[in-house]
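Trainee: With the input below, show me the fold.
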Amino acid sequence: MGLGPVGGIEGKVNGIVAEVKIGFDTDKFQASLDEFHIINAGHISFHFNGNPLIDWLLNLLTEVVTTLLKDVILLITETIVSGGVQSAVDAINDIINGIINPTTTFVPRNVAVEILGAVMDTKN
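Mentor: Predicted coordinates:
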């Protein structure tokens, strides 16, 4: 009947909208995460499984609890996702640093700076 100590929870977020502002310092050739905010939460849902005796009750209560704790859930989600976006910005900076300060490539520094400068000029 599956009444053991094993169970799980699945969460889903639909229709989430976030505002992300990434800056770029053209003197240092460094990107920065300036802002990250979830501006529309969409719909958050959770589903419990593993214990048929209480899962139905937990799943009924989940909608109410999710509505009451939506701000807390969004704050936690925003913090976690913001860390992932910051990691992506750090990876971009590592790539840029590898182009500007090559250690194993044959691209001279002045060529890398010219390439990045040309890219920045086309964006303006």
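Trainee: element containing the residue positioned nearest the centre of the chain?
Mentor: For the chain, Val81 is the residue whose C-alpha lies nearest the centre (C-alpha atoms, centre = their mean; 3.0 Å). Using DSSP states H and E, Val81 sits in helix 70-100.
Trainee: can you pull the buried residues of that helix?
Mentor: For helix 70-100, the neighbour count (16 or more other C-beta atoms under 10 Å) marks 73-74, 77-78, 82, 89, 93, 96, 99 as buried. (C-beta placed from N, C-alpha, C; glycine too.)
Trainee: if I pick the residue nearest to the centre of the chain, what's in contact with it?
Mentor: For Val81, the contacting residues are 18, 36, 38, by C-beta atoms under 8 Å, 6 or more residues apart in numbering.
Trainee: Next, the angle from the longest strand along the chain to helix 70-100.
Mentor: Using DSSP state E to define each element, the chain has its longest strand at strand 30-40. Angle of strand 30-40 versus helix 70-100, following axes from the mean of the first three to the mean of the last three C-alpha atoms, to 10 degrees, is 160 degrees.
Trainee: what's the following helix or strand after strand 30-40?
Mentor: Next along the chain after strand 30-40, taking DSSP H and E as the criterion, comes strand 43-49.
Trainee: Need the phi and psi values for Asn51.
Mentor: Backbone torsions of Asn51, given as degrees, to the nearest 10, read phi -140, psi 90.
Trainee: pretty sure it is in contact with Gly7, am I right?
Mentor: Yes - if you go by C-beta atoms under 8 Å, Asn51 and Gly7 touch, sitting 5.3 Å apart.
Trainee: Neighbour count: those two, which is higher?
Mentor: Each of Asn51 and Gly7 has its neighbours counted (other C-beta atoms under 10 Å); Asn51 has more, 17 against 13.
Trainee: picking that back up, ok, so of the buried residues of helix 70-100, who is nearest Gly42?
Mentor: Checking the buried residues of helix 70-100 against Gly42 by C-beta to C-beta gives Leu74 as the nearest, at 9.9 Å.
Trainee: Which residues are in contact with that closest one?
Mentor: 38, 41, 44.
Trainee: count of residues packed around the first one?
Mentor: The reference is to Ile38. Using other C-beta under 10 Å, Ile38 is surrounded by 17 other residues.
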